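S.K.: quick one: sequence and predicted model below, then my questions.
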Amino acid sequence: MNQKKNKIRVAIIGGGIAGLSAAFRIREELRTSHLDHEIVIYEQEKKCGGATQTKQVDGFSLEFGPNGWLSNEPLTAR
């Protein structure tokens, strides 16, 4: 008997660090289970990574990330 296996299709909305991490974890689980799968990441920007990025400027690597300073919290400025 020839049984067709269904392909697992996963859509990830957002290519920031959370979306990329989710896609990675799901891919690893499906690979180890030997399940046929397709994972697609939908991102509105031209690149994935969200606020995180690396730029090369004058031979230096500049790392950018999300704002970690809570400037709207009064205790932060103390």
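M.R.: Everything's here; your move.
S.K.: residues in contact with the most centrally placed residue in the chain?
M.R.: Nearest to the mean C-alpha position of the chain, by Cα atoms, centre = their mean, lies L20 at 1.7 Å. Contacts for L20 were tallied using Cβ atoms under 8 Å, 6 or more residues apart in numbering; they are 41, 48-49. Where C-beta positions appear, they are placed from N, C-alpha and C, glycine not excepted.
S.K.: can you give me the pLDDT of the closest residue to G65 other than its chain neighbours?
M.R.: Spatial nearest neighbour of G65, excluding adjacent residues (Cβ to Cβ, 6 or more residues apart in numbering): T52 at 5.0 Å. Looking at T52, its pLDDT reads 87.
S.K.: who's in contact with T52?
M.R.: 16-17, 63-66.
S.K.: cool, E38 as well?
M.R.: 7-10.
S.K.: over to K47?
M.R.: Applying Cβ under 8 Å, 6+ apart, one finds that K47 lies in contact with 15, 53.
S.K.: mind checking the SS state of it?
M.R.: coil (DSSP: H, G, I helix; E, B strand; the rest coil).
S.K.: isn't there a helix covering G19?
M.R.: Yes: according to three-state DSSP, G19 belongs to a helix.
S.K.: nearest residue to it other than its sequence neighbours?
M.R.: I12 (4.8 Å).
S.K.: that neighbour touches R25, doesn't it?
M.R.: No: if you go by Cβ atoms under 8 Å, I12 and R25 don't touch, sitting 10.6 Å apart.
S.K.: of these two, which one has the most company?
M.R.: Shown here are I12 and R25; by other Cβ atoms under 10 Å, I12 has more neighbours (19 against 10).
S.K.: look at the residue nearest to G19 and report its pLDDT.
M.R.: Predicted confidence (pLDDT) for I12: 98.
S.K.: what does L30 give?
M.R.: 94.
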